[in-house]
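K.L.:
Turn this into a structure:
(one chain, ligands or ions: 1)
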Amino acid sequence: MPSANSLYIYNSLSRTKEEFTPLNPPFVGLYTCGPTVYSEVHLGNIRSFLTFDIVYRYLTYLGYKVSYVRNITDVGHLLNDDDNGEDKIEKRARMEKIEPMEIVQKYTNNFHVVTQLFNLINPSIEPTATGHLIEQIEMIKKIISNGFAYEINGSVYFDVKKYSEKYNYGELSGRKVDELLEQTRNELAGGDEKKFFADFALWKKASPQTIMKLNSPWGIGVPGWHLECSVMSTKYLGQQFDIHGGGMDLKFPHHECEIAQSMGADGVNPVKYWMHNNMLTVNGTKMSKSLGNSFLPLELITGDHPLLDKGYTPMTVRFFFLQANYRSTVDFSNEALKASEKGLSRLINAINTLNTLNPHEKSSVNVAPIIEGCIESMNDDFNTPITIAHLFDGVKLINSIKNEKESISKEDLKRLKEHYNVFVFDILGLKDDINPGNNDDGTINNLMDIIINIRNQSKEKRDWTTADLIREELKKLHISIQDNKESSTWNYET
Ligand SMILES: [Zn+2]
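P.N.:
Numbers count the residues shown, from 1 in each chain. Prediction:
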């Protein structure tokens with residue numbers, strides 16, 4: 001059982017909870033796979049970013065100096081996440097009849113607005129794939145010279161079979177190379193240029209239709225999708241770093257390939273703790289664009305979606321996600337959201353009540369179990385639902401002090417106020433976006449007004465992104481929103 005004093009993290013690589021001991025304390029390196037900026041992020045993506053936002057916030061609370069890297073994929077991510085098919089960004093560029101880099105800019109800007117809405121802390125570094133082309137080419141060269149990759153017709157593939165002779169391909173996902181070999185015999189009949197079905201592209205030759213043409217020693221093409229994360233994580237966090245996070249769906253092939261690339265280039269296993277968050281389902285079914293049950297942030301805020309009967313604020317959704325353990329699936333439904341909306345407002349009301357309580361000579365209540373319970377549950381692999389349960393034990397206590405059934409000393413009151421401020425606002429990152437004006441720093445002050453306006457407009461402006469709509473509304477309120485990542489708050493024009 002995790003002790004109250006140390007943090008335990010469930011490591012997907014060892015499939016156990018391990019005590020967290022950073023490689024170079026007090027520094028911690030945290031990398032998480034960011035968005036491919038070809039469309040708006042949906043709520044499943046937001047769950048993943050939120051999971052690692054909590055990890056970042058809690059490690060910081062524990063006193064670690066965290067370098068947090070979250071990339072932007074702006075080239076090389078092909079449809080179906082495999083080596084064939086069109087680049088996702090190019091496909092969108094063709095649809096919208098604009099430059100691929102304009103797509104990249106548009107959805108990067110939009111992503112930054114969405115992260116602000118959900119109160120996600122900006123990473124320390126947000127590197128892009130196109131900004132690290134030289135480093136990617138260098139890594140491919142190293143892998144080739146170590147004998148773990150081969151060039152064929154202007155593309156370079158990672159040689160999984162060769163790699164498996166020396167290392168354990170499949171250690172993260174539990175896949176067996178023998179089984180993959182079996183698949184190869186069937187799949188390669190189609191004339192694929194790869195030697196082995198599980199081989200993956202490090203460099204993919206450009207087809208005549210490709211718009212984004214990049215230069216390399218192997219000719220014009222684009223880097224493979226898995227490569228950028230290996231390059232950018234180790235460039236900024238070192239050949240070996242502490243935590244790599246991402247959604248469960250990225251475990252294979254994406255993260256498995258990241259391990260193979262680092263081992264193949266440097267012989268170093270890059271990550272000490274792998275963390276994976278589970279998926280979001282909708283009314284019990286998997287969320288997917290093709291099933292029509294995926295949600296964009298704007299649809300959620302406006303309520304303009306066939307599966308919703310009303311809109312919800314971003315903080316309601318944040319609270320809803322935190323009520324489930326990040327390693328469990330979470331089911332998205334109207335009922336669940338309504339319950340979260342009520343729960344969050346009960347919690348915020350209790351904090352407001354706490355600020356008005358008068359201390360007594362002595363306490364009739366014991367605040368220690370609430371405070372210790374929150375720390376213990378967070379130390380147990382960031383178990384936010386249990387933390388929230390302890391916070392609600394405190395809500396009962398606060399209300400009984402208010403109703404004069406119990407009393408609290410000056411010292412206990414101070415401890416409790418501090419505890420709620422730190423846990424609710426700093427660690428869980430919640431804000432009061434239901435009652436405007438309650439945030440003392442003035443941020444997201446008029447969000448409800450904005451949401452109501454957006455709700456009225458959104459029917460005519462269906463093709464607008466969340467950022468487009470919100471920016472329009474903010475202009476009317478003389479608030480500007482900056483697209484660069486330095487800005488984490490709304491800026492009021494004076
Ligand atoms: Zn990645």
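
K.L.:
contacts and neighbour counts: CA atoms only from here.
P.N.:
Will do.

K.L.:
Smallest gap between the stretch 101-250 of the chain and the ion, at which residue?
P.N.:
Per CA to the ion, C229 is where the stretch 101-250 of the chain lies closest to the ion, at 4.6 Å.

K.L.:
where does this protein dip in pLDDT?
P.N.:
For the chain, the stretches with pLDDT under 70 are 1-4, 79-83, 181-191, 289-290, 434-463, 471-494.

K.L.:
List, one by one, the residues from it near the ion.
P.N.:
Counting by CA under 5 Å from the ion, the residues of the chain close to the ion are 33, 229.

K.L.:
Could you pick out the longest helix of the chain?
P.N.:
Secondary structure assigned by DSSP state H gives helix 334-354 as the longest helix of the chain.

K.L.:
Now the element after that helix, going C-ward?
P.N.:
helix 368-379 (DSSP states H and E).

K.L.:
Now that next one: buried residues?
P.N.:
Residues of helix 368-379 classed as buried: 370-371, 373-379 (neighbour count, 16 or more other CA atoms under 10 Å).

K.L.:
How about stretch 233-242?
P.N.:
For stretch 233-242, burial by neighbour count (16+ other CA under 10 Å) applies to 233-234, 236-237, 239-242.

K.L.:
Now do the same contact list for G29.
P.N.:
By CA atoms under 8 Å, 6 or more residues apart in numbering, G29 lies in contact with 66-69, 237, 241-243.

K.L.:
Kindly confirm my reading that it is in a strand.
P.N.:
Yes. Counting by DSSP: H, G, I helix; E, B strand; the rest coil, G29 is part of a strand.

K.L.:
and the gap between whatever residue of the stretch 1-150 of the chain ends up closest to the ion and D242?
P.N.:
Minimum separation of the stretch 1-150 of the chain from the ion (CA to the ion) falls at C33, amounting to 4.0 Å. Applying CA to CA, to the nearest Å, the value for C33 to D242 is 15 Å.

K.L.:
Strands of the stretch 201-350 of the chain, start to end?
P.N.:
Along the stretch 201-350 of the chain, the stretches classed as strands by DSSP state E, counting those that start in this stretch are 221-223, 241-247, 271-277, 280-282, 285-286, 330-332.

K.L.:
so which of the ones you listed comes closest to T128?
P.N.:
strand 221-223 (12.3 Å; CA to CA).

K.L.:
List the buried residues for that closest one?
P.N.:
Per 16+ other CA under 10 Å, strand 221-223 contains these buried residues: 221-223.

K.L.:
circling back: can you redo the strands of the stretch 201-350 of the chain as TSV with distance to T466?
P.N.:
TSV is the format used below for those (distance: least, CA to CA, whole Å):
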stretch	distance to T466
strand 221-223	30
strand 241-247	23
strand 271-277	25
strand 280-282	21
strand 285-286	24
strand 330-332	20
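
K.L.:
Ok, which of those strands comes nearest I140?
P.N.:
Closest approach to I140 among the strands of the stretch 201-350 of the chain (CA to CA): strand 221-223, 9.4 Å.

K.L.:
so how far is stretch 219-227 off the chain centroid?
P.N.:
24 Å (CA atoms, centre = their mean, to the nearest Å).

K.L.:
Likewise for stretch 219-234?
P.N.:
On CA atoms, centre = their mean, the centre of stretch 219-234 falls 20 Å from the chain's centre.

K.L.:
What are the contacting residues of that stretch?
P.N.:
Outside stretch 219-234, the residues that touch it by CA under 8 Å, 6+ apart are 31, 33, 69, 71, 75-78, 83, 127, 129, 132-133, 135-136, 139, 154-155, 200-207, 212-215, 240-241, 254-255, 257-259, 261-262, 270.

K.L.:
What's the PyMOL syntax to select whichever of those are buried?
P.N.:
Here is the PyMOL selection string for the buried members of the contacts of stretch 219-234, based on 16+ other CA under 10 Å:
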select buried, resi 31+33+69+71+75+76+77+78+83+127+129+133+135+136+139+155+200+201+202+203+204+205+206+212+240+241+254+255+257+258+259+261+262+270
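
K.L.:
Please flag which of the contacts of stretch 219-234 sit within helices.
P.N.:
Reading helices off these with DSSP H, I get 133, 135-136, 139, 257-259, 261-262.

K.L.:
biggest separation within the residues you listed, which pair?
P.N.:
It's L133 and I259 that sit farthest apart of the ones in helices among the contacts of stretch 219-234, by CA to CA, at 19.4 Å.

K.L.:
Provide the secondary structure category for D432.
P.N.:
Bear in mind the rule, three-state DSSP; under it D432 is coil.

K.L.:
what's the burial count for it?
P.N.:
Residues near D432, counting by other CA atoms under 10 Å, number 21.

K.L.:
go on, L291?
P.N.:
The number of residues near L291, taken as other CA under 10 Å, comes to 9.

K.L.:
again, but for L23
P.N.:
Using other CA under 10 Å: L23 sits among 13 other residues.

K.L.:
Just to check, it is in contact with D242?
P.N.:
Yes. Between L23 and D242 there is a contact under CA atoms under 8 Å: 6.4 Å.
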